[in-house]
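In: pasting the structure only:
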């Protein structure tokens, strides 16, 4: 059988990035501040992780204004969803093998 | 390569993040109990206004015909509502602080939106009923619309809220079958049931 470690995604091995992706997988879209609050990050921290996920095209960004305040929303892309699913399957497989 | 326990933690955190981002988890069970107590106090006041010294179980036809009595009843109902919302807001923001989140976030906004549509509809409908003098089904309408609102909004919070919704609808329908016992059903639905479900939620999630 193939080694499940090979199926793990390097970007998602970082827990904060995995957490951000989890929020975006479970919801249609989520805004910057709400993601930041749920995951428990600072502004700067959040921005750098978001940038990493954006670079990999796991998430898409849409910027708009609500009451003249900038409102940035994130969505998981198809690619992001596929990678997330594969990563989750690999995690489960790893834990299953360990328990045998 | 990480330790296997780290991967288990990864899976656990996926679960937490998904749940927290979808559900409003700061809803306080204790505030449910206290709202129930306010409602029972309100129901007692209403009883004193309407029936006293007769038993509340006695069946009667016209009891809210006088405008003065109706105004007093409305005042009691509105006061119960204001105190309940106030307490709910206060205790839930306290719980949110304890959980390290805030009361005003995406999940609470969603919850509020979902609640407002059926509640506003019900509220307007009840005002129309009152203005037309259809007092006999006002309590039914209160309970049914409240129940529908809870079932609709309950998707985004603890599942007990939906069970409470089904209970309120059942009581509302029963109350329509048994006109004249409105106050009893109102006290059961808004008083006793809030205390029961509030207590369940308090012991399951608050402690």
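Out: Great, that's in hand. As the structure is a prediction and not an experimental result, all values here were calculated from the model.
In: Quick check: residue A:65 is in a strand.
Out: Yes - assigned with DSSP: H, G, I helix; E, B strand; the rest coil, residue A:65 falls within a strand.
In: Is the closest residue to it other than its chain neighbours inside a helix or a strand, and which specific one?
Out: Distances taken as C-beta to C-beta, 6 or more residues apart in numbering or on different chains put residue A:71 closest to residue A:65, at 6.4 Å, once the chain neighbours are dropped. Placement of C-beta: from N, CA and C, glycine included. Element membership for residue A:71, per DSSP states H and E: strand A:69-76.
In: give me every residue that touches residue A:81.
Out: residue A:25 (C-beta atoms under 8 Å, 6 or more residues apart in numbering or on different chains).
In: What helix or strand is it located in?
Out: Per DSSP H and E, residue A:81 falls inside helix A:78-99.
In: How about the residues of chain B by chain A?
Out: For chain B, the residues in contact with chain A (C-beta under 8 Å from any C-beta of the partner chain) are B:1-2, B:4, B:7-11, B:13-14, B:17-18, B:20-22, B:100-102, B:105-106.
In: Now do the same for residue 27: its pLDDT.
Out: Just so you know, I chose chain A. Looking at residue A:27, its pLDDT is 91.
In: wrong one, chain B
Out: In this model, residue B:27 carries a pLDDT of 90.
In: how deep is it tucked in, by neighbour count?
Out: A count of nearby residues for residue B:27, using other C-beta atoms under 10 Å in any protein chain shown, gives 26.
In: Equivalent analysis for residue B:91, please.
Out: Residue B:91 has 21 nearby residues by other C-beta under 10 Å.
In: Residue A:94 now?
Out: Neighbour number of residue A:94 under other C-beta under 10 Å is 21.
In: can you pull the contacts of it?
Out: Residue A:94 sits in contact with A:4-5, A:8, B:4, B:7, where contact means C-beta under 8 Å, 6+ apart.
In: one more time with 10 Å
Out: By C-beta atoms under 10 Å, 6 or more residues apart in numbering or on different chains, the contact list for residue A:94 reads A:3-5, A:7-8, B:2, B:4, B:7-8, B:10-11.
In: what comes up buried for the strand holding residue A:71?
Out: A:73-74, A:76 (16 or more other C-beta atoms under 10 Å in any protein chain shown).
In: which residue sits closest to residue B:8 in space, ignoring its chain neighbours?
Out: residue A:95 is the one closest to residue B:8 (C-beta to C-beta, 6+ apart), at 6.1 Å.
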